[in-house]
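> okay, predicted coordinates and the sequence, questions at the end:
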Amino acid sequence: MDTTGSINNELNVEAVENEEELLDDSEERELVTDSCSTKVLDTSEQPRDKYKIVYILFYLFGITSLVPWNFLITANDYWMYKFRDVNPKNITMFTEVRKSQFQAEFTSYLNVATAIPNLIFLILNSLYGHLVSMKSRLQGSLFIVTVAFLVTTALVQVDTDDWQNGFFIITMVTVVVMTAASAVFIGGLVGIASRFSKEYMAAVISGQSLGGILAAIAQIISLAFKISPLHSALIYFVIADIMVITSLISYAMLYKIDFFTYNILRGSGGIAANRHREVSMTAILKKIWVYAFSIFAVFAVSMAVYPAVTVLVESHPVTKGTDWNNIFFVPVVNYLIFNCGDYSGRLVAGLILRPDNQWVIAAASILRVVGIPMLMLCNAQPRKHLPVVFLWDWEYIIIMIVFAFTNGYLTNIVMINSTRVVELHEREKASSVIATMLSVGLTVGAAVGMLLVHVL
């Protein structure tokens, strides 16, 4: 037995490992030097988040991560105006104005243009995101979202009546690019949040829901003041531009904050080299597959009826002809109340963090399927097969609040707990897997929702 060769091999392996650790450490030192926080590597005491600046910025990033979806959907009246039938020969005083082909199909195309790129790029980020530095991924994706949204904003005041085909193509391409960049940003954001204490992941998840509330409020205000579709869309998109640009600048400034760089480099106090250990996807999946299924179930169930079925629910017939019925019912109940319920659930979950048993969480996620038939039995119109059981507005609102609250509550529970059952260096990858399964749930739920509409 050649003991000398064995010893030499062991020494060579050790030397390579030491060299890799030195390389990793030098890369991190360069990062910290660039951020003027070299002392972070040498301190034995964790810096504090003074004035909760990092926490607040994580909230902002959470809001920004879903800005494209929230504000593009909210501007539905704008899209209907842009794609209206501009041929006067097709409109007479004796015929009902029908939707143009673009108007009828735009929402479906928009869903496809957001769902597919979101899923693909979340998967790519999960598999290959480690090949690009976190800072480059997040700053690059935010920059792309900013440019895409500025293009969308600029087209609001452009007369596109004579080239609706071209405008449609430009819009779809812009949405695809924007969604792909947002997916990379979301994947990286949850990865960063996983390196901090649970409150920071809760801030990101709650921020996503808060963005939906802001979009719904903007829509209701524009309806209340009877603002034109063009002006309301301009307001939506300018707000979105400001938020994305603010996030882009804020993220660059984060690397000047010792608390942030400490957690990025040390990962809650762990040694730097620990994060560069090999990450096995198989090992991670064995630890988090129950949580991955749970987040899939939560969003598959939610998207099966929201918004495909819920947007069809009408107020009680006694309110017919009122502004509540004609204008405000859907925006208030379907968007504002749902997002408020979802946001409340995420806030409460961040405080209670119960249950912590993964099987109980999975069971609760599956039990939410009860909400599907209950919402389908509300006053959704038109319908041919199912009876209306819950006709009154208050019945529908209570069902919607419970459905939304459980969606937000379980989302936060899963996102937080799934990163606590893996090793420190596995958290970023685990978070990416959970985010990917969330997107799969959205896609599957949306497909099921298209079928359930025909069951009504």
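On my side now, so go ahead.
> low-confidence ranges in the chain?
1-44, 88-99, 266-279 (pLDDT under 70).
> can you do 80?
Applying pLDDT under 80 to the chain picks out residues 1-46, 68-69, 73-74, 76, 87-108, 111-112, 129-130, 264-280, 424-425, 428.
> break it into its domains for me.
Annotated domains of the chain cover 23-88+98-276, 279-456 [automatic domain parsing].
> now the strands for the stretch 251-400 of the chain?
Counting by DSSP state E, counting those that start in this stretch, the stretch 251-400 of the chain has no strands at all.
> residue ranges of the helices in it, please?
Under the criterion DSSP state H, counting those that start in this stretch, the stretch 251-400 of the chain contains helices at 258-266, 281-305, 323, 329, 338-352, 358-367, 371-376, 393-417.
> tell me which of these lies nearest to Y200.
helix 258-266 (8.4 Å; Cβ to Cβ). All C-beta atoms are positioned from the backbone trio N, CA, C, and that covers glycine.
> could I have the closest one exported to PDB, CA atoms only?
Coordinates of the C-alpha atoms in helix 258-266 are reproduced here as PDB (Å, rounded to 0.1, in the frame of the first residue of the first chain):
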ATOM      1  CA  ASP A 258     -22.700  47.200   7.400                       C
ATOM      2  CA  PHE A 259     -25.700  45.200   8.700                       C
ATOM      3  CA  PHE A 260     -26.600  44.200   5.100                       C
ATOM      4  CA  THR A 261     -23.000  43.200   4.100                       C
ATOM      5  CA  TYR A 262     -22.500  41.400   7.300                       C
ATOM      6  CA  ASN A 263     -25.400  39.100   6.700                       C
ATOM      7  CA  ILE A 264     -24.600  38.700   3.000                       C
ATOM      8  CA  LEU A 265     -21.000  37.700   3.700                       C
ATOM      9  CA  ARG A 266     -21.300  35.900   7.000                       C
END
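> what helices or strands is it leaning on?
Using 3 or more Cβ pairs under 8 Å, 6 or more residues apart in numbering; DSSP states H and E, the elements in contact with helix 258-266 are helix 3-34.
> make a markdown table out of the domains of the chain and add mean neighbour count.
A markdown table is the format used below for those (neighbours: other Cβ atoms under 10 Å):
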| stretch | mean neighbour count |
| --- | --- |
| domain 23-88+98-276 | 18 |
| domain 279-456 | 19 |
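> quick one on the thing from earlier: rebuild the helices of the stretch 251-400 of the chain as a markdown table, extending it with distance to L66.
Formatted as a markdown table, the helices of the stretch 251-400 of the chain follow (distance: least, Cβ to Cβ, whole Å):
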| stretch | distance to L66 |
| --- | --- |
| helix 258-266 | 22 |
| helix 281-305 | 13 |
| helix 323 | 29 |
| helix 329 | 24 |
| helix 338-352 | 11 |
| helix 358-367 | 21 |
| helix 371-376 | 22 |
| helix 393-417 | 13 |
